[in-house]
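Peer 1: Following is a predicted model, sequence given first.
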Amino acid sequence: MTTDKAQQIWKVFCNELTQPETDDMREALSTSLREVINLSNEWVEIGGDSWDMSNVVFVDAIMDIADELEVLK
């Protein structure tokens, strides 16, 4: 990821805040993004062979997580 992409993600995050951003929030966002990736890592068995899917991003699954996060109470 380039710095431009990181800046764009941070800007979108900050635009949703109701209070001034902090370094703790930046760390929390980074940790959360890593957890999404960790939860998406899995092995898939196809035709008796196991495949490491850790380098595959399932956009629909990540979008579902984002939808679920928005409605958390």
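Peer 2: Right, received. Where do you want to start? Fair warning: this is a prediction, and the values are worked out from it, not measured in the lab.
Peer 1: Which helix runs longest in the protein?
Peer 2: Ranked by residue count, the top helix of the chain under DSSP state H comes out as helix 23-40.
Peer 1: Give the pairing partners of the helix or strand bottoming out on mean pLDDT in the chain; include direction for each.
Peer 2: Using mean pLDDT, DSSP states H and E, the weakest-scoring helix or strand in the chain turns out to be strand 43-46, at a mean of 72. Here strand 43-46 is paired, per DSSP bridges, with strand 49-52 (antiparallel).
Peer 1: ok, now which ones touch the residue nearest to the spatial centre of the chain?
Peer 2: Taking C-alpha atoms, centre = their mean, the centroid of the chain lies closest to Leu33, which sits 3.4 Å from it. By C-beta atoms under 8 Å, 6 or more residues apart in numbering, the contact set of Leu33 is Ile9. Where you see a C-beta, it was placed from the backbone N, CA and C, and this is true even at glycine.
Peer 1: could you measure it against Gly47, distance?
Peer 2: For Leu33, the distance to Gly47 equals 33 Å [C-beta to C-beta, to the nearest Å].
Peer 1: what about Gln19, how many neighbours?
Peer 2: By other C-beta atoms under 10 Å, 6 other residues sit near Gln19.
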